[in-house]
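A.B. asks: please find the sequence and the predicted model below.
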Amino acid sequence: MSQHADHGTQAGQHLPGKGSMTHLYCVVPVTDRRTALEWFAVFFGRPADEVVGSEALWQVGETAWVVVDEHPERAGHALLTLGVEGLDEILARLLAHGVGHQPVETYGNGVRHVVILDPDGNSLSLAEAPTG
C-alpha cells in the first residue's frame with residue numbers, strides 16, 4: 001500500500017460536487033511588523049503586492065501568496081520552501097542587502113536548496129530545479 005492516500009484525483013483536479021482547494025496563503029508570523037516588512041521587501045525584491053488590514057501579501061504564483069503578519073507568540077516557527085529560478089542571482093541580491101544564508105545543498109536529483117532565516121528565525125527555503 002502506498003504511503004500517500006489515493007482519492008482518485010490528481011493535483012489540480014477535483015470531483016464535481018466535492019469542493020476543491022484552489023488558493024494557498026502561507027502565513028509567516030513575525031514579532032515586529034515594520035522590521036519584517038523591510039526584511040521581506042528585500043527577500044522578495046519588492047514591497048508587498050497587497051496589504052489587507054495588518055497582513056502584507058507577496059504573490060508567489062498565480063494562486064499562491066506568502067502572508068506576513070504580526071503574531072509574536074508564534075514567530076520563528078514557520079517553515080516554507082519556495083521554488084525559484086536564478087538561485088545564484090537571488091542569493092547575490094540578498095547578500096548585497098546583508099541577508100545571509102546557510103550553505104547551498106545539491107540533492108541527488110539535482111535540486112539546489114538553501115535555507116534563509118528571517119530576523120525571527122522563520123525558515124524560508126529556496127529550491128531550484130536542475131535545468132535541462
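C.D. replies: Received it, and whenever you're ready, just let me know what you need. Numbering: from 1, shown residues only.
A.B. asks: let's verify the residue nearest the centre of the chain: helix, strand, or coil?
C.D. replies: Taking Cα atoms, centre = their mean, the centroid of the chain lies closest to Leu82, which sits 4.4 Å from it. Three-state call for Leu82 (DSSP: H, G, I helix; E, B strand; the rest coil): strand.
A.B. asks: for it, name its beta-bridge partners.
C.D. replies: Leu126 (DSSP bridges).
A.B. asks: residues contacting it?
C.D. replies: Going by Cβ atoms under 8 Å, 6 or more residues apart in numbering, Leu82 touches Val60, Val66, Leu124, Ser125, Leu126, Ala127. Where you see a C-beta, it was placed from the backbone N, CA and C, and this is true even at glycine.
A.B. asks: which among those end up buried?
C.D. replies: Val60, Val66, Leu124, Ser125, Leu126 (16 or more other Cβ atoms under 10 Å).
A.B. asks: what's the longest helix in this structure?
C.D. replies: Once the chain is assigned using DSSP state H, the helix that runs over the most residues is helix 33-44.
A.B. asks: roughly how far is that helix from the heart of the chain?
C.D. replies: On the basis of Cα atoms, centre = their mean, to the nearest Å, helix 33-44 sits 13 Å off its chain's mean C-alpha point.
A.B. asks: tell me the mean pLDDT over whatever helix or strand comes next after it?
C.D. replies: Proceeding C-terminally, helix 33-44 gives way to strand 50-52 as the next helix or strand, assigned by DSSP states H and E. Averaging pLDDT along strand 50-52 gives 96.
A.B. asks: show me where the chain has its helices.
C.D. replies: Here the chain has its helices, by DSSP H, at 33-44, 87-96.
A.B. asks: so can I have CSV of those showing mean pLDDT?
C.D. replies: Shown next, in CSV, are the helices of the chain (pLDDT from 0 to 100):
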stretch, mean pLDDT
helix 33-44, 96
helix 87-96, 97
